[in-house]
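Peer 1: Using only what follows, build the 3D model:
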Amino acid sequence: MSNSDPKTRPRPGPWPPVPEDTAMAPSSWAKRTGFRPKFSGETNASDSGHISLPPKPREPQGQPDIEAGRIRAVPAVNGEAEGGKVLPPSNKDQTVKKRRDSDGVPKGTGPGANGMAPAAPGDPQSQPRRPIRREDVNEVLPQTVEVRHSLVKYELRDSPGFVPFPLYGFQHYVSMLGSLILIPLVIVPAMGGTSEDTSKVVSTVLFVTGVTTLLHTSFGSRLPLIQGPSFVYLAPALAIINSPEFQGINKNKFKHVMKELQGAIIIGSAFQTILGYSGLMSVLLRFINPVVVAPTIAAVGLSFYSYGFPLVGTCLEIGAVQMLLVIIFSLYLRKISVLGHRIFLIYAVPLGLAIMWSVAFFLTQVGVYSYEGCDVNVPASNMISEHCRKHYSRMKHCRVDTSSAFQDSPWFRFPYPLQWGAPVFHWKMALLMCVVSIISSVDSVGSYHATSLLVASRPPTPGVLSRGIGLEGLSCILAGLWGTGTGSTTLTENVHTIAVTKMGSRRAVELGACILIFLSLIGKVGGFIASIPQVMVAALLCIMWVMLTALGLSNLRYSEAGSSRNVIIVGLSLFFSLSIPAYFQQYGISPNTNLSVPSYFQPYIVASHGPFRSKFEGVNYVLNTLLSLHMVIAFLVAFILDNTVPGSQHERGVYVWTKPETARRELAVAKDYELPSKVGRFFRWANCVGF
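Peer 2: So this is what the prediction gives:
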């Protein structure tokens, strides 16, 4: 029977009545991007094979708010809940406990999908006309929600405390040990440098990494991102090192090539600085999306497949076992905790290196790799005994006492600028690095966005992002002046480290940078790192490049990864990033050609035999080299296709950046990204690098 009491009689709904729809109401982020729940029928599993369930009776309990991460009350009509009863607010309905920061802003109200903050509870748009069906929420939740504040233990402006403060700061760098030290161990021997030169470059890299990280956390994006030698610069550096004009140099080749690299890095970094501080990066952001970032970063890791395992195979019992240990630690033992820390997941790379280095040292000491009458310090070409020539490779790659870097290194050494001499500038190499600086900026865009969702209240504004790119350019100039051999930029692996260690404190990263600067002044530290056997370096590189490829592809989680549009674009980008450079690298080279460089460096000798052979040698060098770089081809293909093939913003996964008005209005955002007061006053006139 109907209730005749006018006070308790249900109020009439809107007219005409709203048609029943099984699609979930768009979230606030989706409304801004024009998302329609079923825009093309090409989405992930949430749009395919929807199973209709019998209607469930509406319950008075609140429904989950997938943007705010808490229980949302049942929509009321004129302030009354269903059944005419007013529901008082209750803390028991919340699934995420709010924590208040020093500024009094609750941290539980974090951004929703792709970094957009949820609508205010009083916003009419945040209240749907009917409760969201629970089965729909469960179906779409994995694709649209960024569960953020529960992922990290210490957020951007948190302080871990006096005792764990240095521990948390330094563990951030130890977990990324491979990214910090591997590039010098690759490029210095390729440049003809000795073990002492490798030790000096390693110390310089540690020093510049600490200094540039402090600059970035203070005056750049202010996110806890480590600035170090990036693998983005490794391929162009190897291309310059193996240029034809350097092949005939025998005396002081290391210093000569290093000065050429310094000049190219300084010019390319100056271009990146202008790109950031001029505001041009804010314009470029409109065309850089996850579908562009993902294959570009992945191509950086995939491009070195010919270098990794061929060197590991020179001593399989050391290199292959080391890779296997890292895989076991990071995958099978990742959930084992010791004193509350998942040490096998956090320190998988350094643990694997330490264990196998100890095993190799023991095998060397007991004489497993010692052969009667053979000396590893004598080149194979000078050995008379066939027995020694047969075992020369195992002695060279399996023994741990072939390097004298630790013994020759001093206890104290201060890295200083221009320590290798005045830089040499050539326009063709500088132009090559200018293009690479754009790829480096694209890499940083993805890192800024992913890191901000973990540790900050909102993603940065386009101005803050431009400011970060500009400071990265200045950091690269410092790397060029000090002579690290590569540019300094945001390390992509940093995102994974923050998620694993659950440490996103800016102050802890800054303290770790100070510790790194102190260690760089101890020459024995650089010598110890430089003495890592080459086969172990190759095994570490395989793991790091695998991680880099995976982190690049993980950017697709912000887009509709199941869309045929995105699948085809990413597939084309990755395939052509491997196939087109192979054409340039193999052009004009017969299989029996006897080159003067190792086989794993042959792909980078392209300037003299590439298909571009005009009368302008400099133009030939630039075009042949650029089109032989995997990341350049991946970026060009993805950039063109993603910005020309039709697709909605939600399908493309367009990055959402905080608006400047929002950053000025919300105190938490201002405290996250604003510059120190005195420096901030200087930049107030430049809206393109601020709020």
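Peer 1: Nearest the middle, which residue of the protein would you pick?
Peer 2: Residue closest to the average C-alpha location in the chain (C-alpha atoms, centre = their mean): Thr492, at 1.5 Å.
Peer 1: residues in contact with that one?
Peer 2: By C-beta atoms under 8 Å, 6 or more residues apart in numbering, the contact set of Thr492 is 230, 297, 443, 446-447, 548, 551-552. The C-beta positions use only the backbone N, C-alpha and C, and glycine is treated the same way.
Peer 1: How many residues are close by the closest residue in space to Ser195 that isn't next to it in sequence?
Peer 2: Sequence neighbours aside, Ala405 is the residue nearest to Ser195 in space, at 3.8 Å (criterion: C-beta to C-beta, 6 or more residues apart in numbering). Ala405: 23 surrounding residues under other C-beta atoms under 10 Å.
Peer 1: all numbers from here: first residue = 763
Peer 2: Sounds good: first residue 763 from here, last item Ala1167.
Peer 1: Could you measure from Ala1167 over to Gly955?
Peer 2: Going from Ala1167 to Gly955 by C-beta to C-beta, to the nearest Å gives 11 Å.
Peer 1: returning to that earlier point: which one of the contacts of Thr1254 is nearest Ile1279?
Peer 2: Ser992 (19.4 Å; C-beta to C-beta).
Peer 1: Is the closest one in contact with Gly1249, as I believe?
Peer 2: Yes: shown here, Ser992 and Gly1249 form a contact pair, counting by C-beta atoms under 8 Å, at 6.5 Å.
Peer 1: what's the overlap in contacts for these two?
Peer 2: Ser1202.
Peer 1: Those two: who's more crowded?
Peer 2: Taking neighbours as other C-beta under 10 Å, Ser992 and Gly1249 compare with Gly1249 leading, 32 against 26.
Peer 1: Look at the residue nearest to the centre of the chain and report its pLDDT.
Peer 2: Note for Thr1254: predicted pLDDT of 87.
Peer 1: So for Ser790, what's the pLDDT?
Peer 2: Note on Ser790: pLDDT of 46.
Peer 1: actually Pro816, not the one I wrote
Peer 2: Looking at Pro816, the pLDDT reads 45.
Peer 1: Point out where this structure drops to low pLDDT.
Peer 2: Under the criterion pLDDT under 70, the flagged ranges of the chain are 763-913, 925, 1135, 1138-1146, 1352-1362, 1440, 1442-1453.
Peer 1: chain center to the longest helix along it, what's the gap?
Peer 2: For the chain, the longest helix by residue count, based on DSSP state H, is helix 1189-1217. Relative to the chain's own centre, helix 1189-1217 is displaced by 10 Å; criterion: C-alpha atoms, centre = their mean, to the nearest Å.
Peer 1: can you confirm Ala1396 is in a helix?
Peer 2: Yes: Ala1396 forms part of a helix when assessed by DSSP: H, G, I helix; E, B strand; the rest coil.
Peer 1: got the contact list for it?
Peer 2: Ala1396 touches 1057-1058, 1060-1061, 1335-1336, 1338-1339, counting by C-beta under 8 Å, 6+ apart.
Peer 1: can you redo these as JSON lines with distance to Asn1014, secondary structure and neighbour count?
Peer 2: Shown next, in JSON lines, are the contacts of Ala1396 (distance: C-beta to C-beta, whole Å; DSSP: H, G, I helix; E, B strand; the rest coil; neighbours: other C-beta atoms under 10 Å):
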{"residue": "Pro1057", "distance to Asn1014": "40", "secondary structure": "helix", "neighbour count": "33"}
{"residue": "Thr1058", "distance to Asn1014": "36", "secondary structure": "helix", "neighbour count": "31"}
{"residue": "Ala1060", "distance to Asn1014": "38", "secondary structure": "helix", "neighbour count": "26"}
{"residue": "Ala1061", "distance to Asn1014": "35", "secondary structure": "helix", "neighbour count": "29"}
{"residue": "Ser1335", "distance to Asn1014": "41", "secondary structure": "helix", "neighbour count": "26"}
{"residue": "Leu1336", "distance to Asn1014": "41", "secondary structure": "helix", "neighbour count": "24"}
{"residue": "Phe1338", "distance to Asn1014": "40", "secondary structure": "helix", "neighbour count": "18"}
{"residue": "Ser1339", "distance to Asn1014": "36", "secondary structure": "helix", "neighbour count": "27"}
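Peer 1: Turn the residues you listed into TSV, including distance to Ala1369.
Peer 2: Compiled in TSV, the contacts of Ala1396 are given as follows (distance: C-beta to C-beta, whole Å):
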residue	distance to Ala1369
Pro1057	26
Thr1058	23
Ala1060	26
Ala1061	21
Ser1335	25
Leu1336	25
Phe1338	21
Ser1339	20
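Peer 1: Downstream of whatever helix or strand Val1121 lives in, the next helix or strand is which one?
Peer 2: Element membership for Val1121 (DSSP states H and E) is helix 1110-1127. With elements assigned by DSSP H and E, the helix or strand that comes after helix 1110-1127 is helix 1148-1160.
Peer 1: got the buried residues for that next one?
Peer 2: Under the neighbour-count criterion of 16 or more other C-beta atoms under 10 Å, helix 1148-1160 has 1150, 1153-1154, 1156-1160 buried.
Peer 1: likewise stretch 1180-1190?
Peer 2: Buried residues in stretch 1180-1190 (16+ other C-beta under 10 Å): 1181-1182, 1185, 1188, 1190.
Peer 1: try stretch 1020-1037
Peer 2: Buried residues in stretch 1020-1037, counted by 16+ other C-beta under 10 Å: 1020-1035, 1037.
Peer 1: and which of the contacts of Ala1396 is nearest to Gly982?
Peer 2: For the contacts of Ala1396, the nearest to Gly982 is Thr1058 (21.3 Å; C-beta to C-beta).
Peer 1: thought that closest one was touching Gly1314?
Peer 2: Yes: at 7.0 Å, Thr1058 and Gly1314 qualify as touching, with contact defined as C-beta under 8 Å.
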